[in-house]
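Asks: here's my sequence, what's the structure:
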Amino acid sequence: MAKIQAIRGTRDILPEEVGYWQHIETVASTILSNALYQEIRTPIFEETSLFERGIGEATDVVGKEMYTFMDRGDRSLTLRPEGTAGVVRSFIQHNLAASGGVQKLWYKGPMFRYERPQAGRQRQFHQIGLELLGSRDPRADVEVIALATDILSTLGLKNLSLSLNSVGNGEDRQRYRDALVSYLTPYKDQLDADSQDRLNRNPLRILDSKDQKTQEICQNAPSILEYLGEDSQKHFEQVQQLLNDLGVSYQLNPSLVRGLDYYTHTAFEIQSADLGAQATVCGGGRYDGLISQLGGSETPSIGWAIGMERLVLLLQKLQTTPVLVPDFYIVSRGEKAEAQGFVLAQKLRNAGLKVELDLSGSAFGKQFKRADRSGAIACIILGDAEAENQTVQLKWMATQEQVSLLQAELLSQIDDLKQQLTRHKK
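Replies: Presented below is the predicted three-dimensional model:
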């Protein structure tokens, strides 16, 4: 019988890796909550038309990469390939604009695209993202960029760079599209196959081609910054000035167009020099027309998404996340001692301490070895004598200092124990 394995392009997140994911989620949640962003959770699948209308039928995501299926009601459904369209659908459906002011939302969860799997890129992948809905102010653009930078910096990432561009409004893009097609058409036969297909369908995406020959051709292509109207130019200049005011460094990249049709004005990516080819860890931009395009009122908005898989790879490489270790490792041997150790473990956990209870029933020697490998700060030991006397041996692993305590005394000194843990961590 053939072995059942995870589907290609998906992977199990095993316990030794989950700590990185939880660390990222905790940091992001804390920073976004401090900026008064609220979490929203939308369905994993939506009507296919949401993504066709929102992302754009001419994009690679809709044309090649979506997981689409018919359900029993003969409706075309799609596993979400990105998070923004679902958030916008929810914003419209539940009339979140009625509360007035700007809506600040964030999300996390799996997305799905049929791509060639590689390190940091899976067919089921995960993102943390935010959406700021209801402001066209350049300060909104810079706020979301600053929050992304804060998250990545707090996680300990160093070699980061911010690429910045403006794709203007619809009129600007149309003028630029015409100029780009005019420039590229004489080179059509020299472009890679995907770029030839995109020439009339989605020419701006040619600028993002990884084909070397196509990149060489695009080096002399007209810049979209030359086609920005007065309002678009003013908006982009204000964004740059505010970034300068915050001391956030950036590089202008006129070839940065992002892969989705709904982007307008500011587009940006944050990349890590420590990730190799798959360098982008965060990407986003403004999408002022998307909500009205999907049936809502005119609502200027901006957002970004951070790719979790790539970020976890980076943290593992840099070893910036501490391994989860117990405060106490309980070693017990004998029926009565094991029962008392179990009760102690639960009471210490309820007091907010991280406690590992050895359930192996092994000899003391093997349990001590596991306690040492766990990295525990202290070891609580119960044998027949301790069980009889309602005591424990408390051993601090770093100094090997060991004292005998009544179990009741141990439980009554939780605050003192926490202070001692802090001292022994140093």
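Asks: quick one: contacts of the longest helix along the chain?
Replies: Ranked by residue count, the top helix of the chain under DSSP state H comes out as helix 15-34. For helix 15-34, contacts defined as CB atoms under 8 Å, 6 or more residues apart in numbering pick out 13, 39, 106, 108, 126, 128, 130, 147, 150-151, 154-155, 306, 308, 311-312, 315-316, 321, 323-324. C-beta coordinates here come from the backbone N, C-alpha and C atoms, glycine included.
Asks: next SSE downstream of that helix?
Replies: Under the assignment DSSP states H and E, the closest C-terminal helix or strand after helix 15-34 is strand 38-39.
Asks: note down every partner strand of that next one and its orientation.
Replies: As defined by DSSP bridges, the strand partners of strand 38-39 come to strand 103-112 (parallel).
Asks: buried sites along the partner strand?
Replies: 103-109, 111-112 (16 or more other CB atoms under 10 Å).
Asks: how far out from the middle of the chain is it?
Replies: 9 Å (CA atoms, centre = their mean, to the nearest Å).
Asks: dump that strand to PDB, restricted to CA.
Replies: This file holds the C-alpha atoms of strand 103-112, laid out as PDB (Å, rounded to 0.1, in the frame of the first residue of the first chain):
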ATOM      1  CA  GLN A 103     -11.000  51.000   9.600                       C
ATOM      2  CA  LYS A 104      -7.700  49.400  10.700                       C
ATOM      3  CA  LEU A 105      -7.800  45.700  10.300                       C
ATOM      4  CA  TRP A 106      -5.200  42.800  10.300                       C
ATOM      5  CA  TYR A 107      -5.400  39.100   9.500                       C
ATOM      6  CA  LYS A 108      -3.400  35.900   9.500                       C
ATOM      7  CA  GLY A 109      -3.900  32.500   7.900                       C
ATOM      8  CA  PRO A 110      -3.300  30.200   4.900                       C
ATOM      9  CA  MET A 111      -3.500  31.200   1.300                       C
ATOM     10  CA  PHE A 112      -3.400  29.000  -1.800                       C
END
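Asks: element containing R423?
Replies: Counting by DSSP H and E, the element that carries R423 is helix 414-425.
Asks: buried ones in that helix, by neighbour count?
Replies: Judged by neighbour count (16+ other CB under 10 Å), helix 414-425 contains these buried residues: 417, 420-421.
Asks: same question, stretch 196-208
Replies: 196, 198-199, 202-208.
Asks: same thing with stretch 229-249?
Replies: Quick answer for stretch 229-249 (16+ other CB under 10 Å): 232, 235-236, 239-240, 242-243.
Asks: average model confidence for it?
Replies: Mean per-residue pLDDT for stretch 229-249: 95.
Asks: starting at the chain centroid, how far to stretch 235-247?
Replies: 25 Å.
Asks: what comes into contact with it?
Replies: 136, 138-139, 141-142, 145-146, 162, 164, 166, 225, 228, 250, 265-266.
Asks: so which of those residues are in helices?
Replies: 138-139, 141-142, 145-146.
Asks: just the buried ones from these, in PyMOL syntax?
Replies: With 16+ other CB under 10 Å as the criterion, this PyMOL line picks the buried residues out of those:
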select buried, resi 138+141+142+145+146
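Asks: now the ones in helices among the contacts of stretch 235-247 in JSON lines, with distance to L348 and pLDDT?
Replies: What follows is the ones in helices among the contacts of stretch 235-247, written out as JSON lines (distance: CB to CB, whole Å; pLDDT from 0 to 100):
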{"residue": "P138", "distance to L348": "52", "pLDDT": "96"}
{"residue": "R139", "distance to L348": "48", "pLDDT": "96"}
{"residue": "D141", "distance to L348": "48", "pLDDT": "97"}
{"residue": "V142", "distance to L348": "46", "pLDDT": "96"}
{"residue": "I145", "distance to L348": "43", "pLDDT": "97"}
{"residue": "A146", "distance to L348": "41", "pLDDT": "95"}
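Asks: between the ones in helices among the contacts of stretch 235-247, which is nearest Q407?
Replies: Comparing the ones in helices among the contacts of stretch 235-247 against Q407 with CB to CB places A146 closest, at 50.8 Å.
Asks: my guess is the closest one contacts I270, does it?
Replies: No. The criterion here is CB atoms under 8 Å, and A146 misses it with I270 at 11.2 Å.
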